[in-house]
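> turn this into a model:
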Amino acid sequence: MTDIKIIGDPNPDRINRKYDPNLAHELNKQTEALIRKEKIKAKLEEKNKVPIPPTTKIDDSPISPIQNHSDFWTIPGVVYRDEIVTVDLFKYLLDGGNRKTQDEWILYSIEAKARGDFYTGDMPLHHASFTKAYKMSDSPIKEEIRKFIKNCMIEHYLATTTTLFYQPKALSLEDVIVHNIDMPDKYEIREYFTLPDEFVRDSYRPSNYEALLGSNNLEEIQNVYYWLTDNDPLLYRVNSILDKIIVAPAWYDSSDYCVKIGCRSNSPWYASLGLRITERDSIPF
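Model (predicted):
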């Protein structure tokens, strides 16, 4: 290194300061490294920055889990007979809206199920599908379903594959509710059911609704049918025990003052909604 005398030094007699000719080069390298480090840090911060959402909404329409197809809706997550199932609901009445007896709808449904087509469901399948649609977030698709079912209930008695057998006095037995009657997946429930008609909101017999609809949640049942039809649901049934067995198909109908959950004969001819289970997943216990 070279001995230098520093100009402007307050002690001009001081000598032997050492000068390193590579010092400037090293300082420049350190400065360049620091600049590169800051640039890299800035790029990383920019890359990881969370974008600020636009102040103007592009589309605020709700997204429904119900799938809308050309001729049916798909309703996922329907709870039916201890399973979570996916149900397709046909956008038209079965068989062009023609009316049939319950026996005829049962034959129709056996053939339709065999080919994977839409069929008449039992009352619990109808109710479970209505309930799931009711619980979905509001959307145009949900409203389409509601209006369709409401109009069908107003214009027609709607068939199910549920039948009630009211037992005679002499037997003193529980009445028998048979779901999917005369079909391979038939099942039955015994329940004292011969009682006065009642609005669901006034009932204190949740077991009747568990046997008929598959649910004992009276408040929810009230809300589901009021949502569907703007009417209170009425359980319409045989009111007194007779001397013989009374056989009554179960059906739906909406009038000016109520929606009937029908459990006594009012008409031998019914139209039918079209339902179809496409997926099943057992509920773990």
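
> which residues does residue 261 bridge with?
residue 235, residue 252 (DSSP bridges).

> now do the same contact list for it.
Residues counted as contacts of residue 261 (C-beta atoms under 8 Å, 6 or more residues apart in numbering) are 123, 200, 212-213, 225, 233-236, 250, 252. In short, each C-beta sits where N, CA and C put it, glycine included.

> turn these into a markdown table, including pLDDT and neighbour count.
Converted to a markdown table, those look like this (pLDDT from 0 to 100; neighbours: other C-beta atoms under 10 Å):
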| residue | pLDDT | neighbour count |
| --- | --- | --- |
| 123 | 98 | 25 |
| 200 | 98 | 25 |
| 212 | 98 | 25 |
| 213 | 98 | 26 |
| 225 | 98 | 27 |
| 233 | 98 | 27 |
| 234 | 98 | 21 |
| 235 | 98 | 24 |
| 236 | 97 | 20 |
| 250 | 98 | 27 |
| 252 | 97 | 26 |
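
> which single one of those residues is nearest to residue 264?
Taking C-beta to C-beta as the measure, residue 264 lies nearest residue 236 of the contacts of residue 261, at 6.3 Å.

> the residue nearest to that closest one when sequence neighbours are not counted: neighbouring residues, count only.
What sits nearest to residue 236 in space, not counting adjacent residues and going by C-beta to C-beta, 6 or more residues apart in numbering, is residue 260, at 4.6 Å. Residue 260 has 23 neighbours, counted by other C-beta atoms under 10 Å.

> could you point out which element follows the helix or strand containing residue 128?
Assigned by DSSP states H and E, residue 128 belongs to helix 123-135. Moving toward the C-terminus from helix 123-135, the first helix or strand encountered (DSSP H and E) is helix 140-155.

> helices or strands up against the helix or strand harbouring residue 109?
Secondary structure assigned from DSSP H and E places residue 109 in helix 102-114. Counting contacts by 3 or more C-beta pairs under 8 Å, 6 or more residues apart in numbering; DSSP states H and E, helix 102-114 packs against strand 158-166.

> and the helix or strand following the strand it packs on, what's its mean pLDDT?
Using DSSP H and E, the helix or strand that directly follows strand 158-166 along the chain is strand 175-179. Per-residue pLDDT over strand 175-179 has a mean of 97.

> residue 195 touches residue 239, doesn't it?
Yes: counting by C-beta atoms under 8 Å, residue 239 is a contact partner of residue 195 at 6.9 Å.

> so what would you say the end-to-end distance of stretch 252-263 is?
Using C-alpha to C-alpha, to the nearest Å, the end-to-end distance of stretch 252-263 comes to 9 Å.

> chain center to that stretch: distance?
Put simply, stretch 252-263 sits 24 Å off its chain's centre (C-alpha atoms, centre = their mean, to the nearest Å).

> can we start the residue count at 130 from this point?
With 130 as the first residue, the last one maps to stretch 381-392.

> what comes up buried for that stretch?
381-383, 387-392 (16 or more other C-beta atoms under 10 Å).

> same question, stretch 365-379
Residues 365-367, 370, 375, 377-379 are the ones in stretch 365-379 that count as buried (16+ other C-beta under 10 Å).

> same check on stretch 206-223?
In stretch 206-223, counting by 16+ other C-beta under 10 Å, buried: 207, 209-210, 214-220, 222-223.
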